[in-house]
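> my questions are about this predicted structure, shown below with the sequence.
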Amino acid sequence: MKITAIRFAKLKVPLVTPFKTALREVSFIEDLVVIIETDKGEIGYGAAASTPVITGDTHQSILSVIKQFIAPKLLGMEIENLNQICQLIQSSVVANYSAKAALELAVYDLWGKLYQAPLYKLLGGGSKTLRTDITISVDNIDKMLSDCALAVSQGFDILKVKIGNDLQQDIERVKAIYQGFGQQTQIRLDVNQGWDAKQTVFALQKLESHNVELELVEQPVKSDDFKGLKYITERVNTPIMADESAFSPKQVIQLLEQNAVDIINIKVMKTGGLSRAIEIANITAQYQAQCMIGCMLEGSIAVAGAAHLASAKAQQISKIDLDGPALGQYDPVQGGVEFNGPAITLSDGPGLGIKSIDTLQPINDGVWPL
Ligand SMILES: C[C@H](N)C(=O)N[C@@H](CCC(=O)O)C(=O)O
Ligand SMILES: [Mg+2]
């Protein structure tokens with residue numbers, strides 16, 4: 001099965017409630033969809049989110065880097081040579097991880113179609129069902145409490161609470177949420193780089209002294225502040241997780257060698273797709289560190305790839321933050337992974353299992369080669 005062409009489209013889904021973090025605020029999931037065509041008539045789906053404040057990638061940059069640097073190398077490649085294709089994708093240009101992720105996802109989808117097996121089975125097999133947390137956006141306390149109440153009524157039992165835009169208010173937000181929901185749910189915090197190391201130690205010691213028990217705190221400080229992460233990890237009991245600090249296998253090795261964090265958050269938009277996400281999961285196993293599989297604010301095409309990986313690598317990936325599709329008002333993708341509240345159900349269709357996608361908006365001049 002040979003690659004013959006690549007097409008591009010956009011997919012936009014309104015959110016139930018605006019997604020607000022210390023880094024950005026958005027009201028839609030907007031994905032660039034990559035469709036790889038083959039000589040056997042099979043097509044593979046991949047997608048990338050634009051998260052410029054985290055990855056530096058925009059839809060425009062993803063599109064042009066694929067067309068200019070990566071796609072020319074893929075034409076005519078045999079899908080059965082999966083590792084060689086991933087190596088080509090990774091080496092064709094530095095960084096640009098979201099572009100690489102979208103392409104790798106479509107190639108892995110085709111690999112499953114070639115062998116007529118769902119991806120999680122080809123990756124080693126695992127459970128068809130997973131459970132995700134849900135993100136509570138940073139906002140005033142009343143809004144955050146009502147978002148928590150809605151999430152709990154929908155069956156979510158792990159809340160990923162976004163904070164990081166005001167230290168004192170953040171402490172009050174977490175105390176209020178813990179008081180209201182700490183008995184029924186596990187609470188994880190994501191600061192999205194909003195504090196510095198000393199502020200983090202102050203806030204977490206304060207919360208610990210109020211008996212607030214947190215499952216973990218994600219990326220409290222700037223992404224390049226490995227020393228800050230280590231300073232925090234040495235001083236608090238709450239487990240610390242790297243997100244924006246952990247893109248590459250090398251960074252993960254550095255973080256774990258330095259005992260800078262307890263947990264690694266793997267996301268395909270940071271690793272450049274599944275091949276390096278698998279590498280990172282294997283590295284964390286060597287260090288007996290836990291990992292989470294996460295997502296950007298992205299729809300169910302890309303998150304499907306992460307879900308198949310989470311199933312197959314369940315021994316390493318013990319925490320799941322794959323709530324992107326659940327934050328949208330609807331899922332335009334049929335036949336792939338099903339996202340229903342906290343429940344994620346993998347399909348046994350080949351590859352990612354996607355049958356069709358509604359409301360795809362083709363991009364003008366969005367075919368390569370033209
Ligand atoms: C959506 C997911 N739960 C999440 O919070 N992901 C990111 C932020 C993604 C974005 O800004 O699109 C994270 O920081 O963990
Ligand atoms: Mg995060």
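Yep, that arrived. Ligands and ions are numbered 1, 2, ... in the order given.

> can we go C-alpha only for contacts and neighbour counts from here?
Noted.

> next SSE downstream of the longest strand along the chain?
Using DSSP state E, we find that the single longest strand of the chain is strand 3-20. Toward the C-terminal end, the helix or strand that comes next after strand 3-20 (DSSP states H and E) is strand 25-38.

> from the chain's centre, how far out does that next one sit?
14 Å (Cα atoms, centre = their mean, to the nearest Å).

> what of stretch 249-263?
Put simply, stretch 249-263 sits 19 Å off its chain's centre (Cα atoms, centre = their mean).

> can you check stretch 170-180 too?
Here stretch 170-180 is found 26 Å from its chain centre; the criterion is Cα atoms, centre = their mean.

> before we move on, back to that, is the longest strand of the chain in proximity to ligand 1?
No. Strand 3-20 lies out of reach of ligand 1 by Cα under 6 Å from any ligand atom, never closer than 7.9 Å.

> which parts of this protein sit against ligand 1?
So the chain meets ligand 1 at 51, 135, 192, 295-297, 321, 323-324 (Cα under 6 Å from any ligand atom).

> go through those and name the one nearest residue 364.
residue 51 (22.2 Å; Cα to Cα).

> is it fair to say the closest one lies in a helix?
No. Judged by DSSP: H, G, I helix; E, B strand; the rest coil, residue 51 forms no part of a helix; its state is coil.

> and it, what is it in contact with?
57-58, 296 (Cα atoms under 8 Å, 6 or more residues apart in numbering).

> list phi and psi for it.
When read as degrees, to the nearest 10, the backbone of residue 51 gives phi -130, psi 70.

> again, but for residue 67
The phi/psi pair for residue 67 (degrees, to the nearest 10) is phi -60, psi -40.

> what's the local residue count around the nearest residue to residue 4 once chain neighbours are set aside?
Nearest non-adjacent residue to residue 4, counting by Cα to Cα, 6 or more residues apart in numbering: residue 38, 5.0 Å away. Using other Cα atoms under 10 Å, residue 38 has 21 neighbouring residues.

> what's near enough to touch residue 38?
Going by Cα under 8 Å, 6+ apart, residue 38 touches 1-5.

> check residue 262 too.
233, 239-241, 256, 289-290.

> repeat that for 6 Å
239-241 (Cα atoms under 6 Å, 6 or more residues apart in numbering).

> returning to what we had before: format the contacts of residue 51 as CSV; extra columns: pLDDT.
Conversion of those to CSV gives the following (pLDDT from 0 to 100):
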residue, pLDDT
57, 98
58, 98
296, 98
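
> show me where this protein has helices.
59-65, 71-74, 82-91, 97-114, 119-122, 141-153, 167-181, 197-209, 226-235, 249-257, 268-271, 274-286, 300-312 (DSSP state H).
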